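Undergrad: Predicted coordinates and the sequence they were generated for:
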Amino acid sequence: MAVVAVIIPVLMLGVVLALGRYEEWLLPNEDWLLPPARPAQRPGTTDGATLSH
């Protein structure tokens, strides 16, 4: 029984370390979740603004 009490935590630690090491390989890239970057605006203007005086 003492052997099982030692083996189970060691195996769990191994699984956690293995998943942490291969997390980037197992999970897809999340860049596709980000909205597309907006183009830079000219200073002093806002979206839809005109330059008429």
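TA: It's in. Numbering: from 1, shown residues only.
Undergrad: what about the protein, any weak spots by pLDDT?
TA: 28-53 (pLDDT under 70).
Undergrad: switch to 90 and redo it
TA: 1, 18-53 (pLDDT under 90).
Undergrad: Where do the helices of it begin and end?
TA: 2-21, 23-26 (DSSP state H).
Undergrad: List the buried residues of the last one.
TA: Pointing back at helix 23-26 there. For helix 23-26, a neighbour-count test (16 or more other Cβ atoms under 10 Å) marks nothing as buried. Placement of C-beta: from N, CA and C, glycine included.
Undergrad: Show me what that helix is packed against.
TA: Here helix 23-26 touches no other helix or strand, going by 3 or more Cβ pairs under 8 Å, 6 or more residues apart in numbering; DSSP states H and E.
Undergrad: number of nearby residues for residue 27?
TA: 9 (other Cβ atoms under 10 Å).
Undergrad: Also residue 22?
TA: Neighbour tally, residue 22, other Cβ under 10 Å: 10.
Undergrad: State the phi and psi torsions of it.
TA: Note on residue 22: its backbone torsions stand at phi -110, psi 20 [degrees, to the nearest 10].
Undergrad: and it, what is it in contact with?
TA: Under the criterion of Cβ atoms under 8 Å, 6 or more residues apart in numbering, residue 22 has no neighbours.
Undergrad: Distance of residue 2 relative to residue 15?
TA: Noted for residue 2: a distance of 21 Å to residue 15, by Cβ to Cβ, to the nearest Å.
Undergrad: repeat for residue 8
TA: 11 Å.
Undergrad: Give the burial count for the closest residue to residue 26 other than its chain neighbours, as a bare number.
TA: Take residue 26 and drop its neighbours on the chain: the residue closest to it by Cβ to Cβ, 6 or more residues apart in numbering is residue 19, 7.4 Å away. Using other Cβ under 10 Å, residue 19 has 11 other residues around it.
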